[in-house]
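Trainee: Fold the following.
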Amino acid sequence: MHEILLTLLIGFIVGIIDIAPMIKMKLDRYALSSAFTFYFIMPFIIYNLDFLNTLWWLKGELITLILSIPTTILIAKTDKKGCIPVVIMSIVLGTIIGIAGHLLGIM
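Mentor: Got it, this is the predicted structure:
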């Protein structure tokens, strides 16, 4: 139960970090909801996927980057410059999720 609450907390914090600049840019609520949901769920996927356990520092970054590819493709359709921040945030926030999970003993 303790691990689930920590995972929820990490997802919530990372989701807020991701949507904060989006709120400042006044993006619509669907974009905000989509981004928040993606990062809210991402720690559950990262922590429960048995992949690259020996490279814990790379696990979060790689999984988040791979799972953000469909969103990046959709964004590229309308805004080619918007892909770069999505990829950068995927790498940074995925790394944060992985490090937090390792330090808190979730992974």
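
Trainee: who's in contact with the residue positioned nearest the centre of the chain?
Mentor: What sits nearest the mean C-alpha location of the chain, by C-alpha atoms, centre = their mean, is Tyr39, with 3.8 Å. Contact analysis of Tyr39 by C-beta atoms under 8 Å, 6 or more residues apart in numbering lists 11, 14-15, 17-18, 93, 97. (Each C-beta comes from the backbone N, C-alpha and C, glycine too.)

Trainee: Now restrict the residues you listed to buried residues only.
Mentor: 11, 14-15, 18, 93, 97 (16 or more other C-beta atoms under 10 Å).

Trainee: Can I get those residues in JSON lines including distance to Ile63, secondary structure and pLDDT?
Mentor: Output for those, formatted as JSON lines (distance: C-beta to C-beta, whole Å; DSSP: H, G, I helix; E, B strand; the rest coil; pLDDT from 0 to 100):
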{"residue": "Gly11", "distance to Ile63": "14", "secondary structure": "helix", "pLDDT": "97"}
{"residue": "Val14", "distance to Ile63": "13", "secondary structure": "helix", "pLDDT": "97"}
{"residue": "Gly15", "distance to Ile63": "16", "secondary structure": "helix", "pLDDT": "97"}
{"residue": "Asp18", "distance to Ile63": "16", "secondary structure": "helix", "pLDDT": "96"}
{"residue": "Leu93", "distance to Ile63": "11", "secondary structure": "helix", "pLDDT": "96"}
{"residue": "Ile97", "distance to Ile63": "9", "secondary structure": "helix", "pLDDT": "96"}
